[in-house]
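S.K.: Predicted coordinates and the sequence they were generated for:
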Amino acid sequence: MAAKKRLQELFEKYDVSGDGVLSEEEMLTVLSQLGIPQAQAESVFKLADANQDGVIQVHEFLAWVTGQQPKYSVNKNMNDDGTGTIDVVITNTSEVSGKKFTFTFKKCENLVEFPEGNPAEIVLKPGEQISKTLCNVVGSPWRYSYSLSYRSEFTGIDDDLTNAFVDPDFPHEDGSIGESSSNFSCGTATLWVRARMLGDPTEAVLFDQVRPQDVQQGGLGDCWLMSALSCLGQYPQKLKSLFTANQLAEDGKYEVYLYNMETKEWETIVIDEFVPCNVSCGQPRPAFARPLGEEIWVLLLEKAVAKFCGSYGALSGGSVAWAFQVLTGKTDPVQYGKEEDGRWRRRKPSDAGSGAKCPRNVSWCWNSSSPTLSVDELFTELQEHIADRHVLGCSISGAGKESAKENGLITSHVYSLLQIFSEELDDGTAVRLVKLRNPWGNSEWNGDWSDYSADGNGSAKWKENPQLCAKLDPKRGSNDGVFYMSFEDWSSWYTSVVLCPVGNKPIPPLEGEADANTADDLTDETEFEMEMMLA
């Protein structure tokens, strides 16, 4: 553990930009310190960059230094008639942990078939080597590209708990799991496992490269919290500042800051590293939030919020506005709600909420002077909010429970609204697009500008506009929960968007907008609306 800590400190020393990854320039400095000649540096960088994304993440750095990187090769075996196969040979070099490799093929034509599915997931035991055919090429012309990611799989090795901190105030029992008091699921758990043991404990880290896609919702109805975390994943330093530590604690004891809206002060929540799990195929799997890669910050933040509210069940159904406030300390979020006439009314949170530690029943208030916006005016407003580093979550009203539409969207479910674009089609026509993320890490919009389909081709809109596709780089063929859609489609389907300031710029008032939170403003014309609970 001490050696690993020193390696992480070395990583942080050379991570000059503080973005949680080593760029090629930063890595060259590391290599020069290690005495590796400049002529070899490029090949060494590619070797250390296991997933070939152009940067070195913490777990990649640890694996490279300790010589535990998996090895793989992708080979084309083609016949004279243009048919053939694309095969992969993979070796898991770890002696203590299984590895799950995920190959995602992109830009493939209809002449390519995927016998292992797309994405293809292959799990290897420690030291195991395997050869697989991932693509069958049935005709020509054809082309392909792929991306690779991998993470460790639990191996069942014994965990030395001699010095492990166990939180007496949030015990590993059913009372801490709790029960759902809403229409959304809570789930159950059969055992508690240290988060670092869910993958390879030699590679486990508190933070790796913090990104929106690190967040994956599990069997708990807390999409509102997961979406808020995904939004804040765009601002790594803000998330990291919620922890007093920036590395795994040797004893597994962590202090997490959460904002108490009643006392108007930050509260320190002490937690241990054990998370609720269930056994699947002989291995423990997290019952709730799931790790992506070897970093565990998402699991620990979910646990801290659960303790803050009394149990995991208390998080089943809630408000993304409440999550934004607790995670940022900013108590002035606003909501834009769609009216029956298609215009959007801006609302402010009421002080008449349901309590500082209850994420449900956030109420919004406005009065007759509260302005409404057209769809075009809303687009301009939201673009300015994102430019000002405000985080946004959006949802579609439903009957109180999540329900899937034929277009792939889910009602009563919070999505992260990550970006808004004013772009041009390849023919010069203006187009407005939004980029969203489902906290499930899958299940996407399947209409215009979608990026996922069963054949890996994605929406025809991207094919029709290759220059715009190259500029925005949608992950076509990857069902990872991130997707694009036109702003017009977004505004026709979504009914609410909540935003909260993260940067230094406050949310500016609109002309004619009254503050309905003070006693002087609570007139007979003031209206209140309870925000629907969202899973």
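M.R.: Cool, the structure landed.
S.K.: can you give me the helices in this protein?
M.R.: Secondary structure of the chain by DSSP state H: the helices cover 2-14, 24-33, 38-48, 58-66, 174-177, 223-232, 236-240, 297-309, 320-328, 375-387, 460-464, 466-472, 487-493.
S.K.: for those, which one sits closest to Leu206?
M.R.: helix 297-309 (5.7 Å; C-beta to C-beta). The C-beta positions use only the backbone N, C-alpha and C, and glycine is treated the same way.
S.K.: Between helix 320-328 and that closest one, find me the angle.
M.R.: On the basis of axes from the mean of the first three to the mean of the last three C-alpha atoms, to 10 degrees, helix 297-309 is oriented at 100 degrees to helix 320-328.
S.K.: Let me see the mean pLDDT of helix 297-309.
M.R.: The pLDDT scores in helix 297-309 average 97.
S.K.: cool, and stretch 394-410?
M.R.: 85.
S.K.: residues in contact with that stretch?
M.R.: Defining contact as C-beta atoms under 8 Å, 6 or more residues apart in numbering, one finds that stretch 394-410 is touched by 183-184, 320, 411-415, 417, 436, 438, 443-447, 450, 490, 493-498, 532-535.
S.K.: repeat that with 6 Å
M.R.: 183, 411-415, 417, 444-447, 493-497, 534-535 (C-beta atoms under 6 Å, 6 or more residues apart in numbering).
S.K.: and the protein, what are its domains?
M.R.: In terms of domains, the chain is parsed into 2-66, 72-153, 174-317, 334-530 (source: automatic domain parsing).
S.K.: could those domains go into a markdown table alongside distance to Val166 and mean neighbour count?
M.R.: Converted to a markdown table, the domains of the chain look like this (distance: least, C-beta to C-beta, whole Å; neighbours: other C-beta atoms under 10 Å):
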| stretch | distance to Val166 | mean neighbour count |
| --- | --- | --- |
| domain 2-66 | 22 | 16 |
| domain 72-153 | 24 | 16 |
| domain 174-317 | 6 | 20 |
| domain 334-530 | 23 | 18 |
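S.K.: got the ones you listed as JSON lines, with distance to Ala164 columns?
M.R.: Converted to JSON lines, the domains of the chain look like this (distance: least, C-beta to C-beta, whole Å):
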{"stretch": "domain 2-66", "distance to Ala164": "16"}
{"stretch": "domain 72-153", "distance to Ala164": "19"}
{"stretch": "domain 174-317", "distance to Ala164": "5"}
{"stretch": "domain 334-530", "distance to Ala164": "27"}
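S.K.: so who does Val55 touch?
M.R.: Counting by C-beta under 6 Å, 6+ apart, Val55 has contacts Val21, Ser23.
S.K.: Distance check, the residue of the chain positioned farthest from its centre against Leu299.
M.R.: For the chain, the largest distance from the centre (C-alpha atoms, centre = their mean) belongs to Asp80, which lies 44.5 Å off. In this view, Asp80 and Leu299 are 52 Å apart by C-beta to C-beta, to the nearest Å.
S.K.: do the same with Val414
M.R.: Plainly put, Val414 is 19 Å away from Leu299 if you go by C-beta to C-beta.
S.K.: Pull up the per-residue confidence for the residue nearest to Tyr259 when sequence neighbours are not counted.
M.R.: Nearest non-adjacent residue to Tyr259, counting by C-beta to C-beta, 6 or more residues apart in numbering: Gly329, 4.2 Å away. We have a pLDDT of 92 for Gly329.
S.K.: What of Leu34?
M.R.: pLDDT, Leu34: 68.
S.K.: for the one 3 residues further on, same thing?
M.R.: The predicted structure scores Pro37 at 71 on the pLDDT scale.
S.K.: try Gln57
M.R.: For Gln57, the pLDDT comes out at 71.
S.K.: That one pairs with what?
M.R.: Gln57 has the following beta-bridge partners by DSSP bridges: Val21.
S.K.: Check the gap between the residue nearest to Trp462 when sequence neighbours are not counted and Arg211 for me.
M.R.: Among residues not flanking Trp462 along the chain, Cys469 sits closest, at 4.4 Å (C-beta to C-beta, 6+ apart). Distance, Cys469 to Arg211, by C-beta to C-beta: 21 Å.
S.K.: For this protein, name the helix or strand with the lowest mean pLDDT.
M.R.: Of all the helices and strands that make up the chain, strand 527-530 has the lowest average by mean pLDDT, DSSP states H and E, namely a mean of 53.
S.K.: Figure out the length between the terminal residues of stretch 266-279.
M.R.: 36 Å (C-alpha to C-alpha, to the nearest Å).
S.K.: now it: mean pLDDT?
M.R.: For stretch 266-279, the mean per-residue pLDDT is 95.
S.K.: ok, residues contacting that stretch?
M.R.: By C-beta under 6 Å, 6+ apart, stretch 266-279 touches 165-167, 172, 189-195, 252, 254-260, 284-287, 299, 303-304, 307-308.
S.K.: Just these: which are in strands?
M.R.: 191-194, 254-260, 284-286 (DSSP state E).
S.K.: a markdown table please, covering the residues you listed and showing distance to Gly221.
M.R.: Shown next, in a markdown table, are these (distance: C-beta to C-beta, whole Å):
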| residue | distance to Gly221 |
| --- | --- |
| Leu191 | 22 |
| Trp192 | 20 |
| Val193 | 22 |
| Arg194 | 25 |
| Tyr254 | 24 |
| Glu255 | 27 |
| Val256 | 21 |
| Tyr257 | 25 |
| Leu258 | 20 |
| Tyr259 | 22 |
| Asn260 | 23 |
| Pro284 | 22 |
| Arg285 | 18 |
| Pro286 | 15 |
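S.K.: Val205 versus Ala323, what's the distance?
M.R.: Going from Ala323 to Val205 by C-beta to C-beta gives 24 Å.
S.K.: can you put the helices of the chain in TSV and add distance to Ile90?
M.R.: Shown next, in TSV, are these (distance: least, C-beta to C-beta, whole Å):
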stretch	distance to Ile90
helix 2-14	25
helix 24-33	24
helix 38-48	16
helix 58-66	15
helix 174-177	37
helix 223-232	30
helix 236-240	31
helix 297-309	27
helix 320-328	39
helix 375-387	40
helix 460-464	30
helix 466-472	30
helix 487-493	40
